[in-house]
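J.: when you get a sec, could you give me coordinates for this:
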Amino acid sequence: MKKILILSFSMVLGSCGMFSSDEEGSLISEGISNRPTLAELDLQPIKIEPSIAPRLSLQETRDEYAALLPLLKDEKQRQQVAFRLADIEMQLAEKAQEDGIPLEALQASQSATRGGEDSKANAASNNKTEGIGQLQSATYFKQAISSYKEVLEQQAKSVAQADLLSDDPAKVAAARRSEIKYMDAMYQLSRALDLDGKPDESVSVAQRFLSTFPSAENAVTNYHIELYFRIGEYYFNRQKYDNAVINYSQVLSLSEQKVNIAASNFYGISAYMLGWSYFKQEDHANALVAFSKMLDETLEQNSYTQTHNNINTLPLGQQKLVQDTLRIMALLFSYQGNGEAINRFFVVNGQRAYENLIYEQLAQQHLNDNRFKDSADTLLVFANTYPLHERAVEFYVKHIDAYILGKFPTLVLEGKQRFVSAYGVDGQHYSGLQSIIGRQTSAYLRRYVKELAQNEHSIAQTVENMLVSNAQLSSGETAEGSFVSLAISEVQSTSWTAASISELIKIKQQAFVNAAGYYDQFIRTFSPDDEVPQMRFYLGEALSSANNFNLAIESFETYAYQDSPNPLASEAAYAALLLFEKRAENTVSREADFTQKLEARKMISQRLFVDSFATDPRTVNVAQALMQRLFEQQKYVDAINWSHWLLSADKVNGLAYASANLPKAGWRDTHIAAHDVNGESLISARLVVAHGNFALENYQVAQAGYETLLRIMPAKDERVQALTNRLAATFFQQSERLLASAKVKQTLAAPLPEGRNVAQLSETQRRAVIDSVAFLQRIMQETPNSTFRAAAQYDAATYLLASENFTQALPLLLDFQIRFPKNDLVLSIPGKLLVAYEESEQWQPAAVLLMAQHKAQADTQLGRDALYIAAGYYFKAGDREASLSAYRSYAHRYPSPLADANEARFKMTEFYNETKDDKKRRFWLNKLIEADQKAGSERSPRSRYLAAMASIVFATDADIAYKKIKLTLPLNKSLQRKQNAFKNAIARYDGVMAYGIAEFTTQANYSLAKLYSVLAKDLMQSSRPTGLSALELSQYELLLEEQAFPFEETSITLHENNAKRAYGGLYDDWVRESLKTLENLLPVRYRKPEQIQELSANDFK
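T.: The predicted structure is shown next:
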């Protein structure tokens, strides 16, 4: 109704524009439209009231156009109105037919419009019909057909006269409008004929339309598409399928050329009919293509991985059409290879969003025909091809269900395996349970993974039981057993039944590995979840049986300590500990680093077990093993802590031990006094306490531990002696600690102070030594049979010596020599005895020791030194003969080193000087001179000094000999002797001064000056020859004076040289004597008394 009103309104508006601008101008010139000017108008405000234009019905509109048509003179206007009138007639006929309006009413309406003759003709025609239905079918569109025919005749003339090649745009536009009207009229005529039940005439007009306006030369319109479709329908209904294919194909081709395919309502149905046309000709390949185009048009084109189309949302007609298309396509694909054929088709022709519908249809058809495997295979092809499609999971599950319906247990199992492989946590398509796919797969994964794990576990256990029952067979023999109850194929069952023992072991091993893999997948997929702990326990069992001890341990521990509380937590934890033992058995050839890491990991597990299951009876053994291993690793603090755990866990004495030794907050109360700990375990714990504290240098605690062990252990226990030694060691170490705290050993090791044989200890160090010796004495008293006894006695004596307690040290040293004669330390006892004797000034026994040492090692430096020192000690003891004998032996036997030999020679000169044995003294003095002369690199200030000292003795002897010679007559003879003695004395004194020893140089210088003065004096006092006259005597005296004077001058010069040494800081008795002599000889120069003046500090202010 709305469309009719719009058309009526359009027609009225169109009638207002029927006159051209030229016609309007002529009317104005004729005065028809002689309008007044603005000045002539009386302009007043106009009030405009809104009004609604009346709406005409379609029939009223038809009547208006029918009334207007005879009044129009312009041909173009007449054509337009005639075309409009034909269209309205067509609409009225369609509406009457649709609404079931009686034909009489329609005819009456037409008669009223067209006049009486037409009405009579129509009535006569109606009376000839044999039924209202036939009459309606034949005559509803008669008027419209007649009107269109008239219009076509007129339009044909206009189109023929149209100038499409004109340069005038207005003319071209007019020609185009005529052509379009012609096309419209021809289309509507074909349509009216078809509706009027005249298909042959309708097709003829349609073909004339298509030949008149071929699509190759004209713009494609919906008229082209619809008419090709109607022609195709015409031929299909007459089973002319080849012609139908041509026309349906044209519909598709032309529709695809149009920019907006949706403008055509014939594409989908044409594709559908084209498919059937090909199908009728058994051209299945082209039929599938055509049907797919129908679905392309009808169903929404989403991506093939997006939401699939819901057919139920389509209109009912399209639903049936789509369902039939899917059915026939599925049928066609079943001819070509089922699911694989579908896949190949869409690979070639492009993927579609509705592919799943075709797979589903084909699978259902197979299912309906009890072709379960074909149905499952079809579904699987889609799921494998589009694993991420939203229906992939559904299809995967349905394909498994199809196997279940078909009773294919092996295929069911394989299907579930494939599903888990595809969508499980390790699958290529896993993206978490919260993804779209994950939410779809979650429930199935939970069920399938458990079933697969349980199946593999069952296989492994069955084979394991079979192996146990056939344990007596060799690896190559066949075991007896059955696999009937397992979900395996007949081929597998047959193969396994005939398998050898070695082959069954491999089968079992692989089954455990497979089961573990599925348990692990379940855990990783669904954690956290209530079922995860149980799966983890099963995982541990499977891994353990598969000899994958590392992962098995991890699973058991997680179950025991993280998934707890669980009923089997303690069993899992203990199973992990046992697996550590098995793991260790297989690490013999592994690297040390790996073994250490494994050991550390095991100990952590042991700690967890004891801490978590303190009341479990097995914790005692675990704690003891942990304690022992920690001790072996020298982790003494931890080992001691676990020994405390064991000792406090004992039901009998545990509570008392814990109260006395443990801070309560540091241990769980649940284990205290909760276990029956055997005696040997308790002893082991106490041994760790004692040994551990000893290693940690907690010697006092260790001492108490060893004392407790020695008290509770039987005397015959073979460990008693070792513990006794350990107890002695605690005493010894406490002694050492005291010495170290006072740095006694550092002091003893330092060089001795000058003149001391023992170190100088402070009062603190002396006290430390006393306390240290007390511990050493406890070793001798409480553990006399220990291995530390000798060392303790030796050290005690040593430290007593260091503390200058020689009275206590000497008995220990002497006893040590007797008690431990074979001990290496005996060799050092004499030295220590010597120190004790020396420091206590017992020189005689000290010398005896040294002499013994000398005799034992005469050819060594030690023996040589011992002889030298012994000589000195004999001298100190007052045994001069023994001392002299020792020095003499040394001087004769050891000429080197020179220093000690010279000292021995010097001692000999002193001995003989005291006994006035000048001959022997001068023998050894001469040895001193010779030794210095031959010393070479060994010559030293001391050797020169001793040589100078010896030389002065010999010079003095020469001086005395010189002085004893008197000048007597005959003078020449006595003077010769005097001069020889004089020269000898001078040489001796020169030799003394050559040593450069100040003490003896000044003496020699002074003595030498005296020699010259004595010579001068002796000359003057010499005897005078007899028989001289007074003059001769006088001349003789003058001659003597001349001879003596140079000697006096030389004497003075020598005295002055000696005196000058005072200026260099050398002023001794001999310098002083030279100065006194000079005072007498040259008083003017040298007799100058000292003037002394006292000064105070104030004089320098």
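
J.: how about the helices in the stretch 551-700 of the chain?
T.: Taking DSSP state H, counting those that start in this stretch to define them, one finds helices in the stretch 551-700 of the chain at 569-585, 592-612, 619-632, 636-649, 654-661, 679-695, 699-712.

J.: out of those helices, deepest packed?
T.: Among the helices of the stretch 551-700 of the chain, helix 636-649 has the highest mean neighbour count (mean count of other Cβ atoms under 10 Å), at a mean of 23. Any C-beta I mention is one placed from the backbone N, CA and C, and that applies to glycine too.

J.: buried sites along the lengthiest helix in the chain?
T.: Assignment by DSSP state H gives helix 436-469 as the longest helix of the chain. Buried residues in helix 436-469, defined by neighbour count with 16 or more other Cβ atoms under 10 Å: 437-438, 440-442, 444-446, 448-453, 455-457, 459-464, 466-467.

J.: and what of stretch 230-241?
T.: Within stretch 230-241, the residues that qualify as buried are Arg230, Ile231, Gly232, Glu233, Tyr234, Tyr235, Phe236, Tyr241, counting by 16+ other Cβ under 10 Å.

J.: could you find the closest non-adjacent residue to the fourth one?
T.: With Cβ to Cβ, 6 or more residues apart in numbering as the criterion, Glu233 has its nearest non-adjacent residue at 7.1 Å, and that residue is Met273.

J.: what's near enough to touch that neighbour?
T.: With contact set as Cβ atoms under 8 Å, 6 or more residues apart in numbering, Met273 has these partners: Gly232, Glu233, Phe236, Ala244, Tyr248.

J.: what's the helix or strand for it?
T.: Counting by DSSP states H and E, the element that carries Met273 is helix 267-280.

J.: now do Pro1089
T.: Assigned by DSSP H and E, Pro1089 falls outside every helix and strand.

J.: from Leu579, how far off is it?
T.: 115 Å (Cβ to Cβ, to the nearest Å).

J.: now do Met294
T.: 66 Å.

J.: how about Asn586?
T.: Plainly put, Asn586 is 11 Å away from Leu579 if you go by Cβ to Cβ.

J.: list residues touching both of those two?
T.: Between them, Asn586 and Leu579 have Phe549 as joint contacts when contacts are counted by Cβ under 8 Å, 6+ apart.

J.: so what's Glu94 closest to, chain neighbours aside?
T.: Computed as Cβ to Cβ, 6+ apart, the closest residue to Glu94 that is not its neighbour in sequence is Leu195, at 7.2 Å.

J.: using CSV, write out every CA atom in the helix or strand where Thr378 lies.
T.: With secondary structure defined by DSSP H and E, Thr378 is part of helix 372-385. Written as CSV, here are the backbone C-alpha positions of helix 372-385 (Å, rounded to 0.1, in the frame of the first residue of the first chain):
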residue,chain,number,x,y,z
PHE,A,372,31.5,-45.7,11.9
LYS,A,373,35.1,-45.6,10.7
ASP,A,374,34.3,-43.5,7.7
SER,A,375,32.4,-41.1,9.9
ALA,A,376,35.3,-40.9,12.3
ASP,A,377,37.8,-40.5,9.5
THR,A,378,35.8,-37.6,8.0
LEU,A,379,35.6,-35.8,11.2
LEU,A,380,39.3,-36.3,11.9
VAL,A,381,40.3,-34.8,8.5
PHE,A,382,38.5,-31.6,9.4
ALA,A,383,40.0,-31.5,12.9
ASN,A,384,43.5,-32.1,11.6
THR,A,385,43.0,-29.6,8.8
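
J.: packing partners for the helix or strand following it?
T.: Moving toward the C-terminus from helix 372-385, the next helix or strand (DSSP H and E) is helix 392-406. Taking 3 or more Cβ pairs under 8 Å, 6 or more residues apart in numbering; DSSP states H and E as the contact definition, the neighbouring helices and strands of helix 392-406 are helix 355-368, helix 372-385, helix 409-423, helix 436-469.

J.: what's helix 392-406 in contact with?
T.: Contacts of helix 392-406 with the rest of the structure, by Cβ under 8 Å, 6+ apart, involve 356, 359-360, 363, 367, 370, 372-373, 375-380, 382-383, 386, 411-412, 415-416, 418-419, 422-423, 437, 440-441, 444.

J.: what ranges do the helices span in the stretch 151-300 of the chain?
T.: The residue ranges that make up the helices of the stretch 151-300 of the chain, judged by DSSP H, counting those that start in this stretch, are 169-195, 199-212, 222-237, 241-257, 267-280, 284-298.

J.: so how far is Leu723 from the closest residue to Asp520 other than its chain neighbours?
T.: Among residues not flanking Asp520 along the chain, Leu539 sits closest, at 5.8 Å (Cβ to Cβ, 6+ apart). Remark: distance between Leu539 and Leu723 (Cβ to Cβ) = 49 Å.

J.: neighbour count for the two, which is higher?
T.: Neighbours around Leu539 and Leu723, counted as other Cβ atoms under 10 Å, are more numerous at Leu539. The numbers are 29 against 21.

J.: three-state assignment of that one?
T.: helix (DSSP: H, G, I helix; E, B strand; the rest coil).

J.: quick one: Ser572 and Ser564 touch, right?
T.: Residue 572: Ala, not Ser. No. In this structure, Ala572 sits apart from Ser564 without contact. The criterion is Cβ atoms under 8 Å, and the distance is 9.3 Å.

J.: poorly predicted segments of the stretch 851-1000 of the chain, please.
T.: Applying pLDDT under 70 to the stretch 851-1000 of the chain flags the ranges 971.

J.: one more time with 80
T.: Counting by pLDDT under 80, the ranges of the stretch 851-1000 of the chain that qualify are 852-853, 856-859, 861-863, 865, 898, 902, 935, 961, 967-975.

J.: for the stretch 501-650 of the chain, same thing?
T.: Filtered on pLDDT under 80, the stretch 501-650 of the chain yields the residue ranges 501-504, 508, 564, 583-595.

J.: that older thread, got the buried residues for the helix holding Met273?
T.: Along helix 267-280, the positions that meet the burial threshold by neighbour count (16+ other Cβ under 10 Å) are 267-279.

J.: also stretch 1031-1041?
T.: Leu1040.

J.: what's it in contact with?
T.: Contact partners of stretch 1031-1041, identified using Cβ under 8 Å, 6+ apart, comprise Leu1019, Met1020, Ser1022, Arg1024, Pro1025, Leu1028.

J.: about what we covered before: of the contacts of helix 392-406, select the buried ones using a PyMOL command.
T.: A single PyMOL command is used to select the members of those judged buried by 16+ other Cβ under 10 Å:
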select buried, resi 356+359+360+363+367+372+375+376+377+378+379+380+382+383+386+411+412+415+416+418+419+422+423+437+440+441+444
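
J.: from Arg583, how far out is the residue nearest in space to the middle of the chain?
T.: Most central in the chain under Cα atoms, centre = their mean is Lys597, positioned 15.7 Å from the mean C-alpha point. According to Cβ to Cβ, Lys597 stands 11 Å off from Arg583.

J.: and the pLDDT for Leu68?
T.: What the model reports as pLDDT for Leu68 is 76.

J.: any idea which element it lies in?
T.: Following DSSP H and E, one finds Leu68 within helix 58-68.

J.: and that helix, which residues are buried?
T.: Along helix 58-68, the positions that meet the burial threshold by neighbour count (16+ other Cβ under 10 Å) are Leu58, Gln59, Thr61, Arg62, Asp63, Glu64, Tyr65, Ala66, Leu68.
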